[in-house]
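**Q** this one's sequence-less:
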């Protein structure tokens with residue numbers, strides 16, 4: 001963040017402090033929210049079903065670790 005001015009850093013820090021309750025801090029539980037409802041505007045287009053795809057073998061270990069963390073957090 002060397003290209004950011006001191007005033008911008010101060011504003012950013014204040015913004016983070018103001019909204020600190022929306023970030024999961026280390027050791028905090030992640031959960032679900034109903035604050036934001038995502039939508040995808042497809043216009044008049046219909047959805048196209050696609051079959052699930054396998055995880056590439058080089059990424060299986062990382063995926064398993066992340067899934068294990070989510071299970072431990074009961075997500």
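**A** That came in fine, so what should we check first? Keep in mind it's a predicted model, so treat the numbers as computed, not measured.

**Q** what about residue 66, how many residues close to it?
**A** Summarising burial for residue 66: neighbours were counted as other C-beta atoms under 10 Å, giving 11. Backbone N, C-alpha and C define where each C-beta goes, glycine included.

**Q** is it in a helix, a strand, or coil?
**A** Following DSSP: H, G, I helix; E, B strand; the rest coil, residue 66 is assigned to helix.

**Q** look up how far residue 72 lies from it.
**A** Residue 66 is 11 Å from residue 72, where distance means C-beta to C-beta, to the nearest Å.

**Q** try residue 46
**A** Distance of residue 46 to residue 72, computed by C-beta to C-beta: 38 Å.

**Q** go on, residue 60?
**A** 19 Å.

**Q** among those two, which residue is more densely surrounded?
**A** Between residue 60 and residue 72, residue 60 has the larger neighbour count (other C-beta under 10 Å), namely 11 against 8.

**Q** tally of neighbours for the residue lying closest to residue 4 once chain neighbours are set aside?
**A** Closest residue in space to residue 4, ignoring its immediate chain neighbours: residue 12 at 7.5 Å, by C-beta to C-beta, 6 or more residues apart in numbering. Each residue near residue 12 was counted by other C-beta under 10 Å, and the total is 12.

**Q** next one, pLDDT for residue 12 please.
**A** We note a pLDDT of 92 for residue 12 in this prediction.

**Q** so it, which of the three states?
**A** Here residue 12 is helix, with the state taken from three-state DSSP.

**Q** and it, how far from residue 41?
**A** The gap separating residue 12 from residue 41 is 30 Å, by C-beta to C-beta.
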